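A.B. asks: Provided below are the primary sequence and the corresponding predicted coordinates.
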Amino acid sequence: MSAHAPLALALADDAWLLRYADGDATAIDDAINARVHADAARLRASAPAWLRDLVPAYASLAVFFDPAAIDAERVREWLHDRLSGSASTMAVAAAREIEIPVVYGGEDGPDLVAAAAELGLTPQRLIERHAAGEYTVAMIGFAPGFPYLSGLDPALALPRLATPRTRVAAGSVAIGGAQTGIYPRDSPGGWRILGRTPLRLFDPAREPPTALLPGDRVRFRAIDAAAAAAIRDPPA
């Protein structure tokens, strides 16, 4: 991949959107997504006072700044200087590795059996293959703390439900198209639910409020209901 600077598009009076790919900015490309996170890390490492926020996505990076402190064109030039040439090849430093325990199937995974049948697998084989994946948090979106995880085995891709559910339980682990994700709070949703984690992914009283961050590495581990109850209600 060439190391030229990403295309900067005006997103708002106080933001630039850096585009790393032609066409669909939500396209799943692990190499492009890795560069997005590498560039976000580089910008954070030298963040001036006027830089308010960085929001990475699959193939784009939103850069928010204080328009009262700096002119938009100067921000664009600053971004170009730091992200063009060899500077943009900086690797993401020490990505966190996080294990997510999951109770697969039953009430916690109402779509497991049907999804397995659609894929030509037994439910147990689908659990094993889903839990064997090595995933990366490509972006946070849809709802506060919702991690879109790249790295799903292409053979496990599933279309979304024709009619979304009006309520998906917090912690639900699901497949939507060519990606997997975890619902951080009760919400509507149309992804295929395979299981549920007892971990709380979003807590506004926590700092940071999201348990998973862009660039984190994620592995799933199958557990039973008793283990999940112990995690939800740890002994005193």
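C.D. replies: Arrived safely, thanks for sending.

A.B. asks: buried residues in the longest strand that the chain contains?
C.D. replies: Criterion DSSP state E: the longest strand present in the chain is strand 97-104. Residues of strand 97-104 classed as buried under the neighbour-count rule (16 or more other CB atoms under 10 Å) are Ile98, Ile100, Pro101, Val102, Val103, Tyr104. Where you see a C-beta, it was placed from the backbone N, CA and C, and this is true even at glycine.

A.B. asks: got the contact list for Cys169?
C.D. replies: Slight slip there: residue 169 is Ala, not Cys. By CB atoms under 8 Å, 6 or more residues apart in numbering, the contact set of Ala169 is Asp108, Tyr183, Asp186, Arg196.

A.B. asks: what do you get for Ile100?
C.D. replies: Val173, Ile182, Thr197, Leu199, Val218, Arg219, Phe220, Arg221.

A.B. asks: what sits opposite it in the beta ladder?
C.D. replies: Counting by DSSP bridges, Ile100 forms beta bridges with Phe220.

A.B. asks: could you report the pLDDT at it?
C.D. replies: Looking at Ile100, its pLDDT is 97.

A.B. asks: before we move on, back to that, just the buried ones from the contacts of Ile100?
C.D. replies: Val173, Ile182, Thr197, Leu199, Val218, Phe220.

A.B. asks: need the three-state assignment for the fourth one.
C.D. replies: What it means is Leu199. Three-state call for Leu199 (DSSP: H, G, I helix; E, B strand; the rest coil): coil.

A.B. asks: which strands and helices sit next to the helix or strand bottoming out on mean pLDDT in the chain?
C.D. replies: When the helices and strands of the chain are scored by mean pLDDT, DSSP states H and E, helix 30-45 comes last with a mean of 84. The contact analysis (3 or more CB pairs under 8 Å, 6 or more residues apart in numbering; DSSP states H and E) places helix 30-45 against strand 51-56, strand 60-65, helix 72-83, strand 135-140.

A.B. asks: list of residues touching the third one?
C.D. replies: Helix 72-83 is touched from outside by 5-6, 8, 10, 13-14, 16, 18, 39, 42-43, 46, 48, 50, 63, 65, with contacts defined as CB under 8 Å, 6+ apart.

A.B. asks: how about it: buried residues?
C.D. replies: Of all the residues in helix 72-83, those buried under the rule 16+ other CB under 10 Å are Ala72, Val75, Arg76, Trp78, Leu79, Arg82, Leu83.

A.B. asks: which non-adjacent residue is nearest Phe202?
C.D. replies: Nearest residue to Phe202, sequence neighbours excluded (CB to CB, 6 or more residues apart in numbering): Gly145, at 3.2 Å.
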